[in-house]
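K.L.:
Just need the structure, nothing else, for what follows:
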Amino acid sequence: MLSAIALAAVVSTTSYRISMPDPASHFFNVEVRFEQVRAPLRFAFPAFSPGGWTIDEVARNVLDLGAVDGGRTILPAVKIDKQTWEIGKPADGTVIVTYRVYANEKGTAYKARLNGTMAHANLASILGYAPDRQRAPARLAIDPFGAWRVACSLAPAGTGPNAYEAPDFDQLADGIFLAGAWTELGFEDGGARYRLVFSRAPDFKDNKVADDVRKFAREAAAVFGETPFDRYLFLYVLEPEGGRGGIEHLFGTSVGAPLYAFEDREAYRKFLGVSAHELVHAWNVKRMRPAGLGPFDYTKEFPTNNLYVAEGFTSYYGWLTAVRGGAITREEYFKSLAEGLVTERDNAGIRAKSLQDQSWDWWIGSDIPYLSYRTNYTRGSLVALVLDLEIRAATGGKRSLDDAMRGLYRRTGTRAAGYTDAELRDALVRDGAPGMDARLDAMVKTPGTLDTAAVLALAGVEVVPDPEAPAVPVAGWRTGSTGKDFPTIDWVEPGSPAARAGLEDRDLIVALDDRRLSAERLDKEMASLSPGKPVIASFFRDGTLRRAELIPGAPIPTKLIVRPRKDASAEQKALLEAWLGSRAAAPTP
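P.N.:
As a prediction, the model looks like this:
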C-alpha cells in the first residue's frame with residue numbers, strides 16, 4: 001500500500017476554479033479538473049466543515065453537477081448516495097467536474113456567502129473532492145466578480161493573481177477567502193505576517209486594532225512556545241445588524257462581527273475576545289488536537305471526549321492572552337469571567353449530563369432544550385481555570401497549565417494523529433502537578449456544579465453579587481423574547497419551582513398575579529416576589545389561557561462581580577501576578 005507521501009508523488013495535482021459571475025444568485029460556479037484518471041471516478045462533498053462540529057451536508061446546496069473529459073465529451077455522472085457521484089471513465093484520462101453551489105449564509109461566517117457586495121467561503125463548505133485522491137496536491141484559482149479583490153489564507157501558487165496551492169485536500173478545504181471591496185490592517189511579528197481583512201470599511205474610532213491583536217498574538221505564542229505559521233489571516237464579515245461566531249483554520253479564521261464592534265468599549269471587548277479565541281485555535285485544535293479531529297473522513301462525524309479542551313480551554317486562553325498582553329484590562333477580564341460564571345450557574349444541562357458526555361455527543365445535538373447551552377465552551381473554560389490555579393498553588397508557582405499545554409503541544413502538535421485521553425492526563429501530571437489527572441476526571445466525568453469561587457480565592461480574587469443588579473427569586477426557567485413582548489419559556493429545569501408548577505417550554509407567560517408581563521420587565525417582576533410565597537402565573541399553551549401556582553425559590557443575583565480582594569495576602573497577590581502577568585518577551589525595538 002502506498003503511503004500518503006508516495007501517493008501525492010504519483011497522483012497528479014487536482015485543479016480547482018471558483019467563479020462568481022452572478023453574485024445576486026448566491027451561486028458559486030466550481031470546476032474541478034483531475035488528470036491520469038484510469039477508472040470511474042467518485043466525486044463527493046463533505047458532510048461537515050472542520051471547526052463547526054455539526055453535520056451540514058454540503059451536497060444539499062449543489063445543482064447542475066456534470067462531467068466531461070479533456071475533449072469536452074460528456075461523461076455519465078450518477079449520484080450514488082446523499083453526497084457522492086460516480087463519474088464514468090474518461091477515454092483521455094481527464095475528468096472535469098462542474099457544478100453550482102448555493103451560498104447565502106447570514107449572521108455568521110461559518111460556511112459561505114455570495115451576494116451583490118461580497119463573496120466569502122470556508123472552502124470545505126463549497127468544494128467537492130475525489131475520496132481516493134484526498135491526499136493529492138491541489139491548486140485553486142479564484143475568479144472574483146468585476147473589480148473585487150481576493151484575500152485568501154492558502155499559500156500563493158506563484159502562477160498568477162488569485163492562484164493558491166495546498167499539499168492535499170484537507171489543507172485546501174481548510175482554506176478561507178473573501179472577495180469584495182474589503183479594507184485591511186496588518187503587522188508582522190514572530191516571523192509571521194498577520195492580515196486583518198474587513199468585508200467593509202469600519203470606523204475604528206480610537207481603537208488600535210492591529211496593536212491589540214499583536215498583543216495577544218505574542219502571548220499565545222508564549223504559551224505554546226512558538227509561532228507555527230508564517231502567515232495568518234483574520235477575515236471579518238461585518239454585519240450591520242450584529243454578527244456572531246468564528247471558525248478556526250490552520251492559517252486564519254473567519255469571524256462574524258457586528259459593524260458597530262468599534263463603537264464602544266464593551267462591543268470592542270467582545271470583538272477582541274472572539275478574535276483571541278480563534279487565534280488560540282491555531283495551536284489548540286488546528287495543530288494540537290484530540291484524536292479523531294483530523295485527518296478527516298468527510299463522510300461522517302468524529303466524536304471525541306475532549307471537545308471541552310478543544311473549545312473550552314481555547315476560550316480560557318483567548319481571554320487570558322488578551323489580558324496578559326494588555327489588549328483588555330484586568331477589570332475587563334474579570335467582567336468576562338463574571339459573565340461566564342453566571343452562564344455556568346444557569347446551565348441546567350451540566351447538572352444533567354457530564355462535560356465529557358456532552359463533548360462526545362456534540363455532533364448529534366439534542367432536542368432536550370436545556371442541553372443546548374454551549375457547555376464545552378463555558379464549563380470547559382472554567383475547568384481550565386481550576387486546573388491552572390490549582391497547579392500553580394500545588395507547585396508554589398513553579399508550574400501552571402501553560403506548561404502542561406506546551407508539553408502536550410510539543411509532543412503531539414506536529415503529528416498527523418491527535419492526542420489521546422491518556423496523553424492529555426499524562427501532560428497534566430508530567431508538566432503540571434501530581435493528581436491533576438484525577439482532578440480533571442472529577443470535573444468532567446460526573447454531572448454537577450463547579451466551585452470556581454474557592455479556586456479563585458487562591459489568587460486573592462472574590463466573587464460577589466453585583467449590588468446594581470437585583471437578586472431574583474429562582475423560577476427555574478430560561479425565557480426568550482425581548483422588549484415589550486411576552487416572555488416565552490425556552491426550557492424548564494427539572495425539579496425547579498417552574499417544573500413543580502407544571503410549566504413547560506414554549507409556554508407564553510402573560511401575567512404574575514394578574515400583573516401584565518413583558519420580557520424587559522420579567523426580572524423586575526420576579527425581584528418583587530417573596531421566596532416561598534405562592535404567585536399565580538398566567539400563560540398561554542397551545543392557544544389556551546392557563547394558570548398555575550408558582551412558588552419562587554431563594555433569590556440569586558442576576559449579575560456577579562469578580563475582583564481582587566483588598567486584603568489579599570502577599571502570596572495570593574504573587575499568584576495573581578504570575579497568572580495574569582505577561583509571558584511574552586518584550587518586542588525588539
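K.L.:
Could you use CA atoms for every contact and neighbour count after this?
P.N.:
Noted.
K.L.:
Isn't Tyr370 up against Asn347?
P.N.:
Yes. With contact defined as CA atoms under 8 Å, Tyr370 counts as touching Asn347 (7.4 Å).
K.L.:
for the chain, what are the low-confidence residue spans?
P.N.:
Within the chain, the ranges that satisfy pLDDT under 70 run 1-10, 373, 586-589.
K.L.:
Residue most distant from the centroid, it?
P.N.:
In the chain, counting by CA atoms, centre = their mean, Ala91 sits farthest out from the average C-alpha position, at 45.5 Å.
K.L.:
which residues touch that one?
P.N.:
Taking CA atoms under 8 Å, 6 or more residues apart in numbering, we find Ala91 in contact with Asp69.
K.L.:
just the one 3 residues further on next, same as before
P.N.:
The neighbours of Thr94, taking CA under 8 Å, 6+ apart as the test, are Arg33, Phe34, Glu35, Gln36, Val37, Asp69, Gly70.
K.L.:
swap the cut-off to 10 Å and go again
P.N.:
Listed by CA atoms under 10 Å, 6 or more residues apart in numbering, the contact set of Thr94 reads Arg33, Phe34, Glu35, Gln36, Val37, Arg38, Val68, Asp69, Gly70, Gly71, Arg72.
K.L.:
Common neighbours of Tyr370 and Asn347, please.
P.N.:
Arg478, Glu493.
K.L.:
Surely Met288 touches Glu423?
P.N.:
No. Counting by CA atoms under 10 Å, Met288 stays clear of Glu423, with 11.6 Å between them.
K.L.:
okay, these two: which has more neighbours?
P.N.:
Met288 (26 against 16; other CA atoms under 10 Å).
K.L.:
Now the phi/psi pair for the residue found closest to that one once you drop the neighbours it is linked to in the chain, please.
P.N.:
Closest residue in space to Met288, ignoring its immediate chain neighbours: Gly413 at 4.1 Å, by CA to CA, 6 or more residues apart in numbering. Per-residue torsions, Gly413: phi -70, psi -20 (degrees, to the nearest 10).
K.L.:
Quickly find the element holding Pro531.
P.N.:
Following DSSP states H and E, there is no helix or strand that holds Pro531.
K.L.:
Hmm, Val472 and it touching each other?
P.N.:
Yes. Applying CA under 10 Å, one finds Pro531 in contact with Val472, separated by 9.2 Å.
K.L.:
hmm, back to that, state the number of residues packed around the residue nearest to Met288.
P.N.:
22.
K.L.:
List the residues that contact it.
P.N.:
Phe224, Pro228, Trp283, Asn284, Val285, Lys286, Arg287, Met288, Arg289, Arg406, Gly407, Tyr419.
K.L.:
circling back: need the overlap of contacts for Pro531 and Val472.
P.N.:
With CA under 10 Å, 6+ apart, Pro531 and Val472 have common neighbours Pro552, Gly553, Ala554, Pro555.
K.L.:
and the two most separated of the contacts of Gly413?
P.N.:
Pro228 and Tyr419 (17.8 Å; CA to CA).
K.L.:
Looking at those two, which is more packed in?
P.N.:
Shown here are Pro228 and Tyr419; by other CA under 10 Å, Tyr419 has more neighbours (21 against 18).
K.L.:
Now which of the contacts of Thr94 would you call buried?
P.N.:
For the contacts of Thr94, a burial check counting by 16 or more other CA atoms under 10 Å picks out Arg33, Phe34, Glu35, Val37, Val68, Asp69, Gly70.
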